[in-house]
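# Next one to model:
(2 chains)
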Amino acid sequence: MKPPPFSYHDPRSINDVVNLLGRLDNARLLAGGQSLMPMLNMRFVQPDHVVDLNRVEGLSYIRGTGAILEIGAMTRQRDLEFSNVVRRRCPLMYDAIRHVGHRQTRNRGTLGGSLCHLDPSAELVSVAAAMDAIVTVTGPTGNREIKFSSFPVSYMTASIEPTEVVTGIRLPLWPERHGHAFMEFSRRHGDFAIVSAAVLLADDGAGRITRASVTLGGMGAAPVRVKEIEQALIGHVADDKALRELSETCRKFDAMDDVHGSADYRRQLATVLTRRALEQARGRIPPRTVSGKSN
Amino acid sequence: MGETRKVALTVNGKPYKAEAEVRLTLADFLRHTLGLTGTHLGCEHGVCGACTILFDGFSARSCLMLAVQADGHEIATVEGLATSPDKLNPLQEAFRDNHGLQCGFCTPGMLMTLTEFLRDNPNPTEQEVRIAISGNLCRCTGYQGIVAAALDAAKRLQGAAAAPAS
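This is a model prediction of the structure:
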């Protein structure tokens, strides 16, 4: 349980990171280390070079500017957990972050690391999918942006080149008047979820849904948006019966079958968690005030 | 030996300088290079929490960090908790008094986790304590004694803070 030999690099700027990635073969980026370090210790990965991002300037920030929340790739999960901006403007992430590992791992683990590691049931990956995040990547030819819907390409594989590094994400925020819910089932607190459900809902003030985002984690290779339920909700009143019936559609989805749970079990969890999350999100939409001013 | 680097850091307030192979974990550096064997290693892949230390005041698993990453930083380990060789600190005393340990293997990690937790949350509920130690595995106590010790320590620390300075 010791890492294999490698060369270590601790660049101070993004430019230096990109230069290193451009000239080194078989290099791995080390962010918070909460996934890469176990993989090194168990020798699941054997890189020739480890490029440590922890001393790179300017990658840790949370900026709530207007309708966008900008977060640096090396922002620690702990900083998200204790950020007032995140709590107020992006309550879905606030709810999700407390399911991410443990205090000791959140102190080190980073947003960019979670997104690039891309575990199928990682909470922050689900939040990024639910919020239609835009990932900023820096490479030899400069910056490019990737819509989160095309960020995962397959199991634990992101659509970034070996010469590129994720530098930040932008989350288009929902209007303040919306409801959110993040629910997951895991065997023990802090374990990876077997299945998770993330829901965002907005209505017209009279109970008719105007916008919906439903994301399931842990079902397939990466968290998936459930467009079928989202579209069925729009324009309709989300009463208990409607939410129950829509949740039932989860029973026909494909699901992983592994040591943590069978595909049938996952479909059952998805059905129940989706219903509960829809109900909770609906209940959290603040009532429209007479002045039209939201809380 | 592969690539090495000089590592200069502070452990429990004391400066250390040593050569470390770049692939060496911080946990192995503390134990084998510096001889501070109070930090225990259980799983060596970030599950058991026995190797928890404080990195610049924040709890972290030292098996999931490289020694070179600690260069220029401050580490706190279990060796730094007691004020003297014959005097435990209030958290350690609470562990002794509440059967917070049996074999003692998880104890350094539990103590460092709770040191940070009680600093940030001096008056926790039982549920909050259980969540705080959810990343630390204990195979002896069934956690009851540890939870009781943490709650007792919170009381002792608050009592100490409230007591007038003599």
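
# Most proximal residue of the stretch 1-150 of chain A with respect to chain B?
A:His102 (2.8 Å; CB to the nearest CB). All C-beta spots, glycine's among them, are computed from the backbone N, C-alpha and C.

# got a pLDDT number for that residue?
On the pLDDT scale, A:His102 is placed at 95.

# what's the nearest residue to it if we skip its chain neighbours?
Distances taken as CB to CB, 6 or more residues apart in numbering or on different chains place B:Gly135 nearest to A:His102, at 2.8 Å, with adjacent residues excluded.

# OK, contacts around the closest residue to chain A within chain B?
With CB to the nearest CB, the shortest gap between chain B and chain A falls at B:Gly135, namely 2.8 Å. Going by CB atoms under 8 Å, 6 or more residues apart in numbering or on different chains, B:Gly135 touches A:Gly101, A:His102, A:Arg103, A:Gln104, A:Thr105, A:Gly190, B:Gly49, B:Thr52, B:Thr113.

# one step back: for the residue of the stretch 1-150 of chain A closest to chain B, give its distance to B:Phe117.
According to CB to CB, to the nearest Å, A:His102 and B:Phe117 sit 11 Å apart.

# and those two? which has more neighbours close in?
A side-by-side neighbour count of A:His102 and B:Phe117, using other CB atoms under 10 Å in any protein chain shown, places A:His102 first with 25 against 20.

# close enough to count as contact, that one and B:Ser134?
Yes: in this structure A:His102 lies within contact range of B:Ser134 using CB atoms under 8 Å: 5.7 Å.

# Next up, the contacts around the residue nearest in space to the middle of chain B.
A centroid search over chain B (CA atoms, centre = their mean) returns B:Met112, at 2.5 Å, as the residue closest to the centre. B:Met112 makes contact with B:Thr52, B:Ile53, B:Leu54, B:Ser59, B:Ala76, B:Thr77, B:Val78, according to CB under 8 Å, 6+ apart.

# Next: B:Phe105.
B:His40, B:Gly42, B:Ala50, B:Arg139.

# List the buried residues of the lowest-mean-pLDDT helix or strand in chain B.
Ranking every helix and strand in chain B by mean pLDDT, DSSP states H and E puts helix B:144-162 at the bottom, with a mean of 94. Residues of helix B:144-162 classed as buried by neighbour count (16 or more other CB atoms under 10 Å in any protein chain shown): B:Gly145, B:Ile146, B:Val147, B:Ala148, B:Ala149, B:Ala150, B:Leu151, B:Asp152, B:Ala153, B:Ala154, B:Arg156, B:Leu157.

# how about the strands in chain A?
Here chain A has its strands, by DSSP state E, at A:7-9, A:27-30, A:49-52, A:62-65, A:68-72, A:134-139, A:142-147, A:152-154, A:157-158, A:165-172, A:179-185, A:195-203, A:209-217, A:224-225.

# Just name the most buried of those.
Among the strands of chain A, the stretch with the highest mean neighbour count (mean count of other CB atoms under 10 Å in any protein chain shown) is strand A:195-203, at a mean of 27.

# What is the distance between that one and the centre of its chain?
Chain-centre distance of strand A:195-203: 13 Å, with CA atoms, centre = their mean, to the nearest Å.

# I'd like the strands of chain A written out as JSON lines, with distance to chain B and mean pLDDT added.
Below are the strands of chain A laid out as JSON lines (distance: least, CB to the nearest CB, whole Å; pLDDT from 0 to 100):
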{"stretch": "strand A:7-9", "distance to chain B": "4", "mean pLDDT": "98"}
{"stretch": "strand A:27-30", "distance to chain B": "8", "mean pLDDT": "98"}
{"stretch": "strand A:49-52", "distance to chain B": "7", "mean pLDDT": "98"}
{"stretch": "strand A:62-65", "distance to chain B": "17", "mean pLDDT": "92"}
{"stretch": "strand A:68-72", "distance to chain B": "18", "mean pLDDT": "97"}
{"stretch": "strand A:134-139", "distance to chain B": "22", "mean pLDDT": "98"}
{"stretch": "strand A:142-147", "distance to chain B": "27", "mean pLDDT": "97"}
{"stretch": "strand A:152-154", "distance to chain B": "23", "mean pLDDT": "93"}
{"stretch": "strand A:157-158", "distance to chain B": "21", "mean pLDDT": "94"}
{"stretch": "strand A:165-172", "distance to chain B": "18", "mean pLDDT": "98"}
{"stretch": "strand A:179-185", "distance to chain B": "14", "mean pLDDT": "97"}
{"stretch": "strand A:195-203", "distance to chain B": "17", "mean pLDDT": "97"}
{"stretch": "strand A:209-217", "distance to chain B": "20", "mean pLDDT": "98"}
{"stretch": "strand A:224-225", "distance to chain B": "27", "mean pLDDT": "96"}
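
# Which one of these lies nearest to A:Gly235?
Taking CB to CB, strand A:209-217 is the member of the strands of chain A nearest to A:Gly235, at 7.0 Å.

# Show me the strands paired with that closest one, marking each as parallel or antiparallel.
Paired neighbours of strand A:209-217 in the sheet (DSSP bridges): strand A:195-203 (antiparallel), strand A:224-225 (antiparallel).

# Sketch out the low-pLDDT regions of the chain for me.
Since you didn't name a chain, this refers to chain A. Residue ranges of chain A with pLDDT under 70: A:290-295.

# ah, I was thinking of chain B
For chain B, residues meeting the criterion pLDDT under 70 lie at B:164-166.

# interface residues of it facing chain A?
B:2-3, B:5, B:21-23, B:25, B:28, B:43-46, B:49, B:52, B:55, B:58-61, B:63-66, B:68-69, B:113, B:116-117, B:130-132, B:134-135 (CB under 8 Å from any CB of the partner chain).
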